[in-house]
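Peer 1: Need coordinates for the below:
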Amino acid sequence: MAVAAAGLGFLLLLDVVLGVKVFDVVLPALVGDLAVIGAVAVAVTAPPRTIQIGAVVGSAASVAVSLAVYVTTSDTRSLMMGFGAWPGFAELAGLALLTAWSVRSSSRNGAITAISAFGIVMLAIIQWRNKGTYSEVLTLALGTAWAAVVAAGWYLRILDARQRQQAQEVRHQERLAIARELHDVVAHHVTGIVVQAQAAQLVAAEHPDAAQRALDRIVRAGGDALAAMRSMVGALRDESTDAELDPAASIDALRAMANMSVTDRHELPVRLAVDARTEAVPGTVIASIHRIDREAVTNARRHSVGATNIDIDVRCGDGVVLLLVTNDGGQVSRSPGGFGLRGMAERAAAMGGEFDAGPLPTGGWRVAARLPVTVASEGAQP
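Peer 2: Numbers count the residues shown, from 1 in each chain. Below you'll find the model as predicted:
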């Protein structure tokens with residue numbers, strides 16, 4: 001918006017200079033310029049829903065200026081407009097900005113309203129400000145400008161809709177992956193509860209009948225919980241997909257990324273440092289750490305230039321697990337701003353954590369994720 005403000009300011013100055021040096025008429029264009037610039041300023045500083053209002057108000061002000069020119073007799077003749085008054089460049093540019101912005105971000109009805117208002121402005125300029133002999137040229141120029149603004153706004157609107165759809169797909173895929181990992185981790189623990197309760201039944205004869213009934217309830221509750229969990233995850237998975245319930249990743253999977261051979265594939269080697277306390281982190285958190293780590297390593301191998309290795313650091317402390325993935329490349333071939341980064345950010349957000357990625361001051365790239373975790377007490381089973 002700073003560039004737009006500077007551009008409108010320059011066009012306003014240009015209108016004043018042209019009005020003084022060329023057309024000998026400053027007031028109509030200057031009034032139109034100031035009214036439209038004011039509408040732009042209000043639209044920029046106010047909530048987004050006021051963009052459409054700004055476009056309509058600015059258009060109304062421009063039409064009012066055209067009407068004033070029509071009902072006022074001018075003693076000065078210009079080459080294009082005759083005894084009329086030429087529209088200000090800042091006026092037209094500001095209205096084009098408001099219209100394209102409204103088409104891009106407003107509702108369909110709001111976009112149509114802004115387009116119609118801008119069209120009325122063009123017609124008012126042609127009919128009321130033009131008192132010369134070049135009406136066909138003026139009509140062609142303003143009509144082309146109107147069509148270009150509308151096309152640009154709709155093109156940006158389509159791009160935004162596509163980006164939202166793709167972002168929703170990334171979010172959906174991350175939720176499916178979390179559901180699969182949740183299935184494996186929870187199913188493991190719930191199954192263990194059921195097995196232990198069944199084993200306790202074998203020795204229940206030495207205990208009162210109440211203990212036997214309690215064990216029966218444990219078995220039923222565990223079985224019901226397992227069935228309900230599977231049903232819920234099945235719904236989350238969307239059975240129309242072919243996604244499998246892959247085993248959840250573990251600390252060993254992180255180590256495997258550093259231990260696997262990459263000589264034949266000419267890929268960057270991976271160095272891994274894992275805090276010992278991370279061994280006690282729940283499987284759901286480790287699975288998310290592994291997924292973010294894997295995507296970060298893939299990005300580094302694809303986009304880093306001049307790097308010699310990739311460093312992975314996994315630490316646990318203060319109720320969070322911190323993942324750092326860095327490379328020592330001199331530069332990045334291109335910003336890896338695709339859906340890989342978006343997917344990692346979605347994964348961290350879904351786990352209630354934070355995500356950050358960007359270039360290092362000395363070169364290369366850094367990915368950082370902080371996920372909240374409750375570390376199991378020492379000696380407890382994870």
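Peer 1: low-confidence ranges in the stretch 101-250 of the chain?
Peer 2: Residues of the stretch 101-250 of the chain meeting the criterion pLDDT under 70: 174, 178, 181-189, 191-193, 195-196, 198-214, 217, 220-249.
Peer 1: same thing but at 80, please
Peer 2: Within the stretch 101-250 of the chain, the stretches with pLDDT under 80 are 167, 170-250.
Peer 1: Going by residue numbers, what spans are helices in it?
Peer 2: For the stretch 101-250 of the chain, the helices defined by DSSP state H, counting those that start in this stretch occupy 108-124, 135-202, 209-237.
Peer 1: just the stretch 251-382 of the chain next, same as before
Peer 2: Using DSSP H, counting those that start in this stretch, helices in the stretch 251-382 of the chain cover 251-259, 283-303, 339-350.
Peer 1: Point out the most buried one among those.
Peer 2: Highest mean neighbour count of the helices of the stretch 251-382 of the chain: helix 283-303, a mean of 22 (counted as mean count of other Cβ atoms under 10 Å). C-beta: built from backbone N, CA, C; applies to glycine.
Peer 1: Who are the packing partners of that one?
Peer 2: Packing partners of helix 283-303 (3 or more Cβ pairs under 8 Å, 6 or more residues apart in numbering; DSSP states H and E): helix 135-202, helix 251-259, strand 310-317, strand 320-327, helix 339-350, strand 365-372.
Peer 1: hmm, back to that, any idea which of the helices of the stretch 251-382 of the chain gets closest to residue 218?
Peer 2: With Cβ to Cβ as the measure, helix 283-303 is the member of the helices of the stretch 251-382 of the chain nearest residue 218 (22.7 Å).
Peer 1: what's the closest residue to residue 133 other than its chain neighbours in contact with, if anything?
Peer 2: Distances taken as Cβ to Cβ, 6 or more residues apart in numbering put residue 82 closest to residue 133, at 6.8 Å, once the chain neighbours are dropped. Residue 82 makes contacts with 130-133, as judged by Cβ atoms under 8 Å, 6 or more residues apart in numbering.
Peer 1: Looking at those, which is nearest residue 253?
Peer 2: Closest to residue 253, out of all of the contacts of residue 82 and judged by Cβ to Cβ, is residue 130, at 73.0 Å.
Peer 1: any idea how far that closest one lies from residue 124?
Peer 2: The gap separating residue 130 from residue 124 is 10 Å, by Cβ to Cβ, to the nearest Å.
Peer 1: what sits against residue 64?
Peer 2: Residue 64 neighbours (Cβ under 8 Å, 6+ apart): residue 35.
Peer 1: May I ask which helix or strand encompasses it?
Peer 2: Residue 64 belongs to helix 50-71 when assigned by DSSP states H and E.
Peer 1: what's the answer for residue 5, then?
Peer 2: helix 2-18.
Peer 1: quick one: contacts of that helix?
Peer 2: 26, 29-30, 33-34, 37, 40, 88-91, 93-94, 97.
Peer 1: will you turn the contacts of residue 82 into a markdown table that also has distance to residue 55?
Peer 2: Output for the contacts of residue 82, formatted as a markdown table (distance: Cβ to Cβ, whole Å):
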| residue | distance to residue 55 |
| --- | --- |
| 130 | 23 |
| 131 | 27 |
| 132 | 28 |
| 133 | 32 |
